[in-house]
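[1] sequence-free structure coming up:
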DNA sequence: TGCATTTAATGGTAGTACCATTTAGCATAA
DNA sequence: TTATGCTAAATGGTACTACCATTAAATGCA
């Protein structure tokens, strides 16, 4: 509209690619094309910097970025270096956590998404779970019962985390597993904070888990789904009742959130 | 078990936290506790490095990590600096892409997850979409029809991406939107590559979209879900038929994946 | 006023030096 | 021979300096 009378041609704004971006992209390409596979080792920093014709600083910033992204792992000492990592689903947890910290997503959105995706997982697991999956879940529930008797509620939260992970693994779909794990992870932090603050833990947890597993073993997807939904809703209800587990500018339950100054 | 006869006390392996990790954590805490909000500016690198008692290198590596994580944005020049960013759902795309590059997830897992989560989105959107959402979708379909007539199939892929984004936005749940967007994004890259290679684009796309929107407007979740499922299955079938869109060590469709050497 | 120039702040990069860690190799002693 | 300790080299981690490029405010000039 308000164009100058200079010319009709448009010039794309030239974006000065920073050195570390270029380096990152090149290494990512090598990985995507399969020339770099998990376990492979990149040249030493000093050598690679010279090969690329950049300073060691720029290269290190690139490697640091790749490390944060979970692409490489850096090890010190001789025989150390930058190694291509196996894919780690835990990266998504950090993304979700960051989105929450920045206020882009709310607890309600997280709980709703979890409720629905977890139902998917239950139905898929119900259809596909093998005996080994059932056994692993049963063992997990036994462990939960034990730590419940011991009164170590923090460990019980860990058992819950593992329970959902095992259930997701039974679907055989790592993408769904990863997603449900990231949702479970962040909401578990609230449960963890609640229990650590002395809140009442979920009652009758072991019984509910056993009922659920029975439905799963019977391949009764409707019942299993209903039980899971009911349980999650009660958990989420408890979370909302917790004053510390409020809505906006939520606490980082795992951090040392002391909030000393104003 | 095979314990030495030294002592019974166990020593936890001390993990030397690197400087940039400590810095990252501190800034992340400030964000999580709400003391740093989107738009806020961090001190200049030289000042902040001195405040923290670290070299500028270490601080820059921390800032670089936070930039990659989407927490801060760095701007040059006077009045530049490190600014806390708004949450960006695009981060999850990169995570999924990296997982795929590293071979941790497959196209089949992605398509399956997409199929199911997209159905969730359809049902939620069907129940909640407002008139503005319907209008936006209708406008998108009109645009799709136009670019289809123009024969610009690449632009049509962009329209499809926007279509799914609008549909997801109609759910009002940013978490689900983000997840379905990340799945759509990576699979769209394969569609993009396929079309760019001269493959036949999806036929009758606009008609199918119009039928779907009609069902959505009628709040007919079953029909809308069925139409979406049918469409996605046909798209995914086309992807599997594409020789370039194979399985293992998949290509990075958007990159310059020429695969010169063996 | 309005345009051009200068200036200062800031991120981006290169380079050097040194520290800390890790592994391998060698040497010494039991 | 075996075990222990020492030495050396490779490598990532960090600090410091210097300089460049970019940006926007301040200044100067017409």
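    On my side now, so go ahead. Since the structure is predicted, the reported quantities are computational estimates derived from the model, not experimental observations.
[2] okay, CA-based contacts and neighbour counts for the rest of this
    OK.
[3] report the separation between residue A:99 and residue B:170.
    According to CA to CA, to the nearest Å, residue A:99 stands 20 Å off from residue B:170.
[4] neighbour-wise, which of these two wins?
    residue B:170 (26 against 23; other CA atoms under 10 Å in any protein chain shown).
[5] isn't that one right up against residue B:127?
    No: Residue B:170 lies out of contact with residue B:127 (CA atoms under 8 Å); the separation is 9.4 Å.
[6] who are the contact partners of the nearest residue to residue A:174 once chain neighbours are set aside?
    Distances taken as CA to CA, 6 or more residues apart in numbering or on different chains place residue B:105 nearest to residue A:174, at 6.3 Å, with adjacent residues excluded. By CA atoms under 8 Å, 6 or more residues apart in numbering or on different chains, the contact list for residue B:105 reads A:174, A:175, B:99.
[7] mind listing what's buried in the strand or helix carrying the second one?
    Here residue A:175, judged by DSSP states H and E, is contained in helix A:174-196. Buried residues in helix A:174-196, counting neighbours by 16 or more other CA atoms under 10 Å in any protein chain shown, are found at A:174-195.
[8] equivalent analysis for stretch A:218-229, please.
    In stretch A:218-229, counting by 16+ other CA under 10 Å, buried: A:219, A:220, A:221, A:223, A:224, A:225, A:227, A:228, A:229.
[9] check stretch A:85-101 too.
    Quick answer for stretch A:85-101 (16+ other CA under 10 Å): A:85-89, A:91-101.
[10] can it be found next to chain B?
    Yes: applying CA under 8 Å from any CA of the partner chain, one finds stretch A:85-101 touching chain B at A:85, A:86, A:87, A:88, A:89, A:91, A:92, A:95, A:98, A:99, A:101.
[11] skipping adjacent residues, who's closest to residue A:227 in space?
    Take residue A:227 and drop its neighbours on the chain: the residue closest to it by CA to CA, 6+ apart is residue A:212, 6.2 Å away.
[12] count the residues that sit near the one you found.
    Residues lying near residue A:212 (other CA under 10 Å) number 21.
[13] which element is it on?
    helix A:205-217.
[14] who touches that helix?
    For helix A:205-217, using CA under 8 Å, 6+ apart, the contacting residues are A:125-126, A:134, A:137-138, A:141, A:144-145, A:221, A:223-224, A:227-228, A:231.
[15] now do the helix or strand following that helix, average pLDDT.
    Downstream of helix A:205-217, the first helix or strand assigned by DSSP H and E is helix A:221-241. For helix A:221-241, the mean pLDDT works out to 92.
[16] how far off centre is helix A:221-241?
    Computed by CA atoms, centre = their mean, to the nearest Å, the chain-centroid distance of helix A:221-241 equals 21 Å.
[17] try stretch A:97-106
    Counting by CA atoms, centre = their mean, stretch A:97-106 comes out at 13 Å from the chain centroid.
[18] now do the same end-to-end measure for that stretch.
    Span of stretch A:97-106 from end to end, CA to CA: 11 Å.
[19] and the residue most central in space within chain A, how far is that from residue A:178?
    Centrality entry for chain A: nearest residue to the mean C-alpha point is residue A:93, 2.4 Å, by CA atoms, centre = their mean. According to CA to CA, residue A:93 stands 9 Å off from residue A:178.
[20] same check on residue A:135?
    21 Å.
[21] residue A:91 is in contact with residue A:178, correct?
    No: using CA under 8 Å, residue A:178 and residue A:91 do not qualify as a contacting pair, with a distance of 9.3 Å.
[22] shared neighbours of the two, anything?
    Residues touching both residue A:178 and residue A:91 by CA under 8 Å, 6+ apart: none at all.
[23] and the residue nearest to residue A:174, helix, strand or coil?
    What DSSP: H, G, I helix; E, B strand; the rest coil gives for residue B:105 is coil.
[24] go on, residue A:203?
    Look at residue A:203: counting by three-state DSSP, its state is coil.
[25] please apply the same query to residue A:82.
    Recorded secondary structure, residue A:82: strand (three-state DSSP).
[26] now it: how far from residue A:26?
    Distance from residue A:82 to residue A:26, by CA to CA: 15 Å.
[27] these two: which is more packed in?
    Between residue A:82 and residue A:26, counted using other CA under 10 Å, the more crowded position is residue A:82 (23 against 13).
[28] per-residue confidence for the residue nearest to that one when sequence neighbours are not counted?
    Once flanking residues are discounted, residue A:82 sits nearest to residue A:74: 4.5 Å by CA to CA, 6+ apart. With respect to pLDDT, residue A:74 scores 96.
[29] phi and psi next, for residue A:74.
    As for residue A:74, its main-chain torsions (degrees, to the nearest 10) stand at phi -100, psi 130.
[30] and the gap between it and residue A:66?
    According to CA to CA, residue A:74 stands 10 Å off from residue A:66.
[31] neighbour count winner among these two?
    The residue with more neighbours, out of residue A:74 and residue A:66, is residue A:66; 23 against 16, by other CA under 10 Å.
[32] and the angle for the strand or helix carrying the more buried one with helix B:56-68?
    Using DSSP H and E, residue A:66 sits within helix A:56-68. Here helix A:56-68 points in a direction 40 degrees away from that of helix B:56-68 (axes from the mean of the first three to the mean of the last three CA atoms, to 10 degrees).
[33] elements contacting helix A:56-68?
    In terms of contacts (3 or more CA pairs under 8 Å, 6 or more residues apart in numbering or on different chains; DSSP states H and E), helix A:56-68 is packed against helix A:19-32, helix A:45-52, strand A:72-75, helix B:56-68.
[34] any residue of the second one touching DNA strand D?
    Yes: counting by CA under 7 Å from any atom of the strand, DNA strand D is contacted by helix A:45-52 at A:45, A:46.
[35] contacts for that helix?
    With CA under 8 Å, 6+ apart, helix A:45-52 has contacts from A:42, A:55, A:56, A:59, A:60, A:81.
[36] got the confidence number for the second one?
    Translated: residue A:55. With respect to pLDDT, residue A:55 has a value of 96.
[37] distance of it from DNA strand C?
    Residue A:55 sits 3 Å away from DNA strand C, going by CA to the nearest atom of the strand, to the nearest Å.
[38] got a list of what that residue touches?
    So residue A:55 contacts residue A:49 (CA under 8 Å, 6+ apart).
[39] torsion angles phi and psi at it?
    According to degrees, to the nearest 10, residue A:55 has phi -80, psi 160.
[40] sorry, back to before: now pLDDT and secondary structure too, for the residues of stretch A:85-101 next to chain B, in TSV please.
    Converted to TSV, these look like this (pLDDT from 0 to 100; DSSP: H, G, I helix; E, B strand; the rest coil):
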residue	pLDDT	secondary structure
A:85	96	coil
A:86	94	coil
A:87	89	coil
A:88	87	coil
A:89	86	coil
A:91	92	helix
A:92	94	helix
A:95	95	helix
A:98	95	helix
A:99	96	helix
A:101	95	helix
